[in-house]
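J.: this is the structure alone, sequence omitted:
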């Protein structure tokens, strides 16, 4: 056990600053809507799922990854482990303050400091080695990949809001391990395979970390990739306007196109025809949604993250899902969006797509697309909208 490597527990000053919770359990009213979306399938990370059945099953995999990561470093394993333990020990109060549990009992209440250090170091090493294997093309190095081919599910598990460890812990362990043999490596870029695999829009999104906002954890890092370059340029108002379904709008002459916005991949923009040009049609340019078996879970956790952290009420993913919910009421709406190349469906039926979107929609959101919906509805109510100009 890692606990054997612990020599001393460094004291943390009494004036340690207080941290608002960064890692939390999903409130029951959200969790109960889709429990599977928030529950790890293969790997449990952090203390909130410490008693989950997959913890015991994955214990061997975590130990194997720890050994593999340490084997990459030209230094005694005991010394590396000891440095990791000391780093985590120095941040124990800070780490505990990063967790909050909305459901009882709180798992952290039964975890002592030594066990919490074990969890942080073991899980951080597992994550780093897993991402290294993906980045370096070593998926066949482990029986886990060879036989089960479940790397996509593991990456999905790393995006669960309840399955996180603080990013500063990952950073500390990264400095103690990966930078020892890859001095030019970037922790942020190490998580690019997760974004590439579970990107729910067909667009070239780059992994990035805000220069003004340190990511709370892996989920927070991925969320930053969907934010606009200039956050203050998007206004929100309340209440949000409603728009008609894709089929209804299509009958009125509106066409749908994938957006080409290089500044914000989640942009939705209504483009109206110039007066007097009959061949032009009003157009809604929007992200190209890619729906597969992981989409519900990924979107649900990003929405839960926005609920907890977005103090400015600019809920980008929540707004996008609500917009898609308004556009999609029946299989006919899905068919129109597919034919317009703004939706790709890898689920079994179009009805399943509608069901999934409706399930995770938050209709009370203050939409970041409000100005566009006002623009569209004003056009539809005008005489130009009536005549389809």
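T.: Structure's in. What do you need? Because the structure is a prediction, the values reported are computed rather than measured.
J.: could you use CA atoms for every contact and neighbour count after this?
T.: Will do.
J.: break down the stretch 251-389 of the chain into its strands, ranges please.
T.: Counting by DSSP state E, counting those that start in this stretch, one finds strands in the stretch 251-389 of the chain at the ranges 255-258, 269-271, 283-286, 289-291, 343-345.
J.: so which of the ones you listed is nearest residue 184?
T.: strand 289-291 (33.6 Å; C-alpha to C-alpha).
J.: the longest helix seen in the chain - contacts with which helices or strands?
T.: The longest helix of the chain (DSSP state H) is helix 113-135. Where contact means 3 or more C-alpha pairs under 8 Å, 6 or more residues apart in numbering; DSSP states H and E, helix 113-135 is packed against helix 53-71, helix 77-89, helix 167-176, helix 192-198.
J.: if you count neighbours, what's buried in it?
T.: Under the neighbour-count criterion of 16 or more other C-alpha atoms under 10 Å, helix 113-135 has 114, 116-134 buried.
J.: hmm, residue 153 is touching residue 39, no?
T.: No: with contacts counted by C-alpha atoms under 8 Å, residue 153 stays clear of residue 39, the gap being 11.5 Å.
J.: ok, those two, which is more surrounded?
T.: residue 39 (19 against 16; other C-alpha atoms under 10 Å).
J.: list the contacts of the residue nearest the centre of the chain.
T.: For the chain, the residue nearest the mean C-alpha position is residue 219 (4.1 Å; C-alpha atoms, centre = their mean). Taking C-alpha atoms under 8 Å, 6 or more residues apart in numbering, we find residue 219 in contact with 158-161, 164, 302, 305.
J.: filter those residues down to the ones in helices?
T.: Short answer: the contacts of residue 219 in helices (DSSP H) are 302, 305.
J.: pipe the contacts of residue 219 into CSV and attach distance to residue 251 per row.
T.: Shown next, in CSV, are those (distance: C-alpha to C-alpha, whole Å):
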residue, distance to residue 251
158, 42
159, 39
160, 40
161, 40
164, 46
302, 33
305, 37
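J.: redo the contacts of residue 219 as a markdown table? Include pLDDT.
T.: Putting the contacts of residue 219 into a markdown table (pLDDT from 0 to 100) gives the following:
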| residue | pLDDT |
| --- | --- |
| 158 | 97 |
| 159 | 97 |
| 160 | 96 |
| 161 | 93 |
| 164 | 95 |
| 302 | 96 |
| 305 | 92 |
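J.: low-confidence ranges, the stretch 1-150 of the chain, go.
T.: Within the stretch 1-150 of the chain, the stretches with pLDDT under 70 are 1-21, 53-56, 102-106, 139-149.
J.: repeat for the stretch 251-389 of the chain
T.: Residues of the stretch 251-389 of the chain that meet the cut-off, pLDDT under 70, sit at 275-279, 310-313, 383-389.
J.: please enumerate the helices of it.
T.: Per DSSP state H, counting those that start in this stretch, the stretch 251-389 of the chain carries helices over the ranges 295-309, 316-327, 331-339, 350-360, 370-381, 383-387.
J.: tally of neighbours for residue 101?
T.: For residue 101, the count of nearby residues is 17 (other C-alpha under 10 Å).
J.: quick one: the closest residue to it other than its chain neighbours and residue 307, what's the gap?
T.: Using C-alpha to C-alpha, 6 or more residues apart in numbering and skipping residues adjacent in sequence, the residue nearest residue 101 is residue 25, 4.8 Å away. With distances taken as C-alpha to C-alpha, to the nearest Å, residue 25 is found 12 Å from residue 307.
J.: what touches both of the two?
T.: Shared contacts of residue 25 and residue 307, defined by C-alpha under 8 Å, 6+ apart, are absent.
J.: more neighbours, the two?
T.: Neighbour totals were compared for residue 25 and residue 307, and residue 25 leads with 20 against 15 (other C-alpha under 10 Å).
J.: is it true that the more buried one touches residue 100?
T.: Yes: contact criterion C-alpha under 8 Å: residue 25 and residue 100 qualify, at 6.6 Å.
J.: wait, what's in contact with residue 290?
T.: With C-alpha under 8 Å, 6+ apart, residue 290 has these contacts: 200-202, 343-346.
J.: any chance of these in a markdown table, with distance to residue 138 and neighbour count too?
T.: Converted to a markdown table, the contacts of residue 290 look like this (distance: C-alpha to C-alpha, whole Å; neighbours: other C-alpha atoms under 10 Å):
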| residue | distance to residue 138 | neighbour count |
| --- | --- | --- |
| 200 | 25 | 20 |
| 201 | 27 | 20 |
| 202 | 26 | 16 |
| 343 | 33 | 21 |
| 344 | 30 | 20 |
| 345 | 30 | 17 |
| 346 | 27 | 12 |
